[in-house]
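**Q** Return a 3D structure for these sequence lines:
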Amino acid sequence: MRTKNGLLSAKPLIWVFVLAILAFGIAPISAQDTIKVGILHSLSGTMSISETTVRDSTLMAIEEINAAGGVLGRMIEPIVEDGASDWPTFAEKAGKLLLEDQVAVIFGCWTSASRKAVLPVVEANNGLLFYPVQYEGLEMSPNIVYTGATTNQQIVPAVEWLLSQGKTRFFLLGSDYVFPRTSNTIIRAQLAAAGAEVVGEEYVPLGGTEFSSILLRIQEAAPDVIFNTLNGDSNVAFFNQYADAGYTAETLPTMSVSIAEEEVTGIGVENVLGHYVSWNYYQTVDSEVNAAFVAAFQARYGENRVTSDPMEAGYFGVYLWAAAVEAAGSTDVDAVRAAINAGGIGTEAPEGFVELDGLTQHTVKPVRIGIIREDGLIDTVFETEPVVPDPYLCGYE
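**A** Residues are numbered from 1 along each chain as shown. Alright, predicted model coming up:
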């Protein structure tokens, strides 16, 4: 049976199984007949503003796949854990999922700090992590599949676009951990090569909310753009204080790489109206696949919910894993990885057709520069063809 959105509903299938059991004595599906998968995101703490929605879209993908018959004829059983915006907790929960729950794969993490904490756990136990968020690059683990953007699919194109708009004086502002610091090291080199300059660089602790002194330094430095790598609740505090200080997108624009539709809602659109962001997907992408995705998500979670890049990457990541499992004929991590490395694993996603690059285990995807509009959604102002991932920036001088 199909829902009003054209998607298969799991509920009628459940009743078919129940009726079959009553009529014919068919044994119900046992725990051994399911494929356990882990979902590991911050459902509490400073990062919950961003990560809860990725949990939601991941669960929706699992429900859709189960409704269509599952993977290898088996239902997917999700086990959800809370990383609590704490990196040791992420490592602990990853170990629990792999060793106690014996999941076939983990879908999760947002910050690079959480991914770096989980990385040695999945490598030591030959687990598999599907990571759905843009990051700073300079990493390739055989036990991680990267469905978010790497540097040449977000950071570098965003800087190139700003330079094309005549911006030459950059102020770098970020949270104090690996992603912002590494990204800004790359940006500094890129700007130096282009003859532009960094007029200031500041960091606050993740979750930090005090920006008065930084705003004074911004005023003194007189940049023509702020490149923003703040994460989580810090964006709420910064843009509120930024607006209170009298700044607007017209007087001092920002380019953010961790603010998507979900964060705009939390920050308040009046504080980020007209500012720029760099991602691979927006809710406004014009395609039938995306329209169905948005409709299904809002039907499940509420008509006021928005979709965003990381949750879209979390969503299609489940489909890519399922395709790799089907190609391998097994959930065994080595077999799944071999299927990915052989190439040809792809799916029609809301952002467009995406394919896993077998060499890097990153995703081939387009780049979209966007501008935040009055209703909190984001319009694309610049778009590329799908870009092959280059996590170590080997294609640049």
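**Q** which of the residues in stretch 53-71 are buried?
**A** 53-67, 70-71 (16 or more other CB atoms under 10 Å). Glycine gets a C-beta too; all of them are placed from N, C-alpha and C.
**Q** cool, and stretch 235-254?
**A** 235-243, 247, 252-254.
**Q** cool, stretch 219-227 as well?
**A** Ala221, Pro223, Asp224, Val225, Ile226, Phe227.
**Q** Check stretch 130-140 too.
**A** Neighbour-count burial for stretch 130-140, counted by 16+ other CB under 10 Å, picks out Phe130, Tyr131, Pro132, Val133, Gln134, Tyr135, Glu136, Gly137, Glu139.
**Q** Export those residues as TSV, with columns for pLDDT, distance to Leu119 and secondary structure.
**A** TSV is the format used below for the buried residues of stretch 130-140 (pLDDT from 0 to 100; distance: CB to CB, whole Å; DSSP: H, G, I helix; E, B strand; the rest coil):
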residue	pLDDT	distance to Leu119	secondary structure
Phe130	98	13	strand
Tyr131	98	9	strand
Pro132	98	15	coil
Val133	97	14	coil
Gln134	96	17	coil
Tyr135	96	12	coil
Glu136	96	14	coil
Gly137	97	14	coil
Glu139	97	8	coil
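**Q** Show me which of these is closest to Asp309.
**A** Ranked by distance to Asp309 (CB to CB), the buried residues of stretch 130-140 are led by Gln134 at 7.4 Å.
**Q** Tell me, how many residues neighbour Asn290?
**A** Per other CB atoms under 10 Å, the neighbour tally for Asn290 reads 20.
**Q** Relative to Ala61, how far out is the nearest residue to it once chain neighbours are set aside?
**A** Distances taken as CB to CB, 6 or more residues apart in numbering put Pro350 closest to Asn290, at 4.0 Å, once the chain neighbours are dropped. Distance of Pro350 to Ala61, computed by CB to CB, to the nearest Å: 11 Å.
**Q** Where does pLDDT dip in the chain?
**A** 1-32 (pLDDT under 70).
**Q** quick one: the helices in this protein?
**A** Remark: helices assigned in the chain by DSSP state H are 10-24, 48-67, 87-95, 112-124, 155-164, 178-194, 212-221, 234-244, 261-267, 269-272, 288-301, 309-328, 333-341.
**Q** With respect to Val103, which of these lies nearest?
**A** Using CB to CB, the helices of the chain put helix 87-95 closest to Val103, at 9.6 Å.
**Q** deepest of the helices of the chain, which one?
**A** helix 309-328 (a mean of 25; mean count of other CB atoms under 10 Å).
**Q** what's that one packed up against?
**A** Contact analysis of helix 309-328 by 3 or more CB pairs under 8 Å, 6 or more residues apart in numbering; DSSP states H and E lists helix 48-67, strand 106-108, strand 129-131, strand 144-146, helix 333-341, strand 346-349, strand 352-357 as its packing neighbours.
**Q** what's the angle from that helix to strand 352-357?
**A** 60 degrees (axes from the mean of the first three to the mean of the last three CA atoms, to 10 degrees).
**Q** ok, back up a step: export the buried residues of stretch 219-227 to TSV and append columns for distance to Glu81.
**A** As requested, the buried residues of stretch 219-227 are arranged in TSV below (distance: CB to CB, whole Å):
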residue	distance to Glu81
Ala221	42
Pro223	41
Asp224	44
Val225	39
Ile226	35
Phe227	33
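**Q** Contact partners for the residue nearest to Trp161 when sequence neighbours are not counted?
**A** Closest residue to Trp161 apart from its sequence neighbours, by CB to CB, 6+ apart: Ile369 at 5.1 Å. Applying CB atoms under 8 Å, 6 or more residues apart in numbering to Ile369 gives the contacts Pro157, Ala158, Trp161, Tyr276, Val277, Ser278, Thr380, Val381, Phe382, Glu383.
**Q** Would you mind putting the residues you listed into JSON lines with distance to Pro205 alongside?
**A** Converted to JSON lines, the contacts of Ile369 look like this (distance: CB to CB, whole Å):
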{"residue": "Pro157", "distance to Pro205": "29"}
{"residue": "Ala158", "distance to Pro205": "24"}
{"residue": "Trp161", "distance to Pro205": "30"}
{"residue": "Tyr276", "distance to Pro205": "25"}
{"residue": "Val277", "distance to Pro205": "23"}
{"residue": "Ser278", "distance to Pro205": "24"}
{"residue": "Thr380", "distance to Pro205": "33"}
{"residue": "Val381", "distance to Pro205": "32"}
{"residue": "Phe382", "distance to Pro205": "33"}
{"residue": "Glu383", "distance to Pro205": "35"}
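**Q** how far away is the closest residue to Leu99 other than its chain neighbours from Ala94?
**A** Excluding the flanking residues, the one nearest Leu99 by CB to CB, 6+ apart is Asn125, at 6.6 Å. Going from Asn125 to Ala94 by CB to CB gives 9 Å.
**Q** Same check on Ser212?
**A** 38 Å.
**Q** now swap in Asp224 and tell me
**A** 42 Å.
**Q** How about Glu348?
**A** From Glu348 over to Ala94 (counting by CB to CB), the distance is 30 Å.
**Q** and if you look at Thr380?
**A** 35 Å.
**Q** Can you pull the domain assignment for the protein?
**A** 10-148+286-365, 152-284+369-383 (automatic domain parsing).
**Q** Can I get the ones you listed in JSON lines including distance to Tyr396?
**A** Formatted as JSON lines, the domains of the chain follow (distance: least, CB to CB, whole Å):
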{"stretch": "domain 10-148+286-365", "distance to Tyr396": "11"}
{"stretch": "domain 152-284+369-383", "distance to Tyr396": "8"}
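**Q** Out of the ones you listed, flag the one nearest Pro389.
**A** domain 10-148+286-365 (3.4 Å).
**Q** Pull the distance from that closest one to the chain's centre.
**A** 12 Å (CA atoms, centre = their mean, to the nearest Å).
**Q** What of stretch 381-397?
**A** With CA atoms, centre = their mean, you get 17 Å for stretch 381-397.
**Q** Between the two ends of that stretch, what distance do you get?
**A** 27 Å (CA to CA, to the nearest Å).
**Q** any residues touching it, and which ones?
**A** By CB under 8 Å, 6+ apart, stretch 381-397 touches 137-140, 146, 150-153, 156-157, 161, 186, 193, 276, 352-355, 357, 360, 362-371.
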